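Asks: Mind looking at a prediction? Sequence and model below.
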Amino acid sequence: METVRHHENQILHKEEHLSSSAFITDIVIGMSDGLTVPFALAAGLSGAVDNNTLVVTAGIAEIVAGSIAMGLGGYLAGQTEVEHYDAELKREYWEVDHLPEREKAEIKEIFADMGISPDLQDQVVEDIAKDKNKWVEFMMKYELGLEKPDPNQARKSALTIGLAYVAGGLVPLLPYVFTSTPTKGLTWSALMTLLCLFIFGYFKSKATGQQPLRGALKVTLIGAVAAAAAFGVAKLFD
């Protein structure tokens, strides 16, 4: 039983660690798009208009629409996760009620993969099967790899992603407020945004266990290419 508890504690620790990263994931999703998309839009407009007010107005409109769209996407993703969990939970209860022997065999397979002896497998399986709710919870975690989602996570994700998008989107627009021409605004916007992209990419890569410098350069390059493409297309059509 101690061996079983050891394995369970390892898995529970891993699941808790992964679930705690949801907030960081939402920040990354919102901020990365918030820095990149309005920057590319502002760069494109800078190649086509000669008025900073137009750039700022269009940029704010894009930030509003983009934050709503991104937040809604986060909300729908969270709701889908809850609905998927509920559907699988219902199915597991049905299988425990109607196919108990097959479910017990699946538990034994899980313990066999952990290196538990056959005799101990039988003992633990019978103990688990005494409580149907605990039995189903075990199957959800270790057979399907599903943790019960936070029912409020959809709203939290929507708010976090939306606000992160707004915060990121304001960075490339601010220089246009304090400069006189789109060309000057673009120069300062590029410097500020690329610096923010580099810093953001560095800490994002570090938080996710990737090579920080490589991740920072990759994120910065993506933003630079997007802005350059938008500016070039605007100039071409202009």
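Replies: Happy to help now that I have it.
Asks: can you pull the contacts of Lys218?
Replies: With contact taken as C-beta atoms under 8 Å, 6 or more residues apart in numbering, Lys218 is in contact with Gly201. Every residue, glycine included, has its C-beta placed from N, CA and C.
Asks: can you give me the helices for this structure?
Replies: Secondary structure of the chain, counting by DSSP state H: helices at 2-19, 22-46, 52-98, 100-113, 118-129, 132-138, 153-178, 182-207, 212-237.
Asks: Now do the same contact list for the residue nearest the centre of the chain.
Replies: The centroid of the chain falls nearest to Thr25 when counting by C-alpha atoms, centre = their mean (3.7 Å). Shown here is Thr25, which makes no contacts under the criterion C-beta under 8 Å, 6+ apart.
Asks: same deal with Ile63?
Replies: Contact analysis of Ile63 by C-beta under 8 Å, 6+ apart lists Gly34, Pro38, Tyr165, Val166, Gly169, Leu170, Leu173.
Asks: Hmm, the fifth one is touching Leu41, no?
Replies: No - Gly169 sits out of contact with Leu41 when judged by C-beta atoms under 8 Å, with a separation of 9.2 Å.
Asks: and for the two, which residues touch both?
Replies: Listed contacts common to Gly169 and Leu41 are Gly59, Glu62; contacts here mean C-beta under 8 Å, 6+ apart.
Asks: So for the two, which sits in the more crowded spot?
Replies: Neighbour tally, Gly169 and Leu41, criterion other C-beta atoms under 10 Å: the higher count belongs to Gly169, 27 against 24.
Asks: Can you give me the distance of the more buried one to Ile63?
Replies: Gly169 sits 4 Å away from Ile63, going by C-beta to C-beta, to the nearest Å.
Asks: Need the overlap of contacts for those two.
Replies: Gly34, Pro38.
Asks: Would you mind measuring from Met140 to Glu147?
Replies: Taken as C-beta to C-beta, the span from Met140 to Glu147 is 8 Å.
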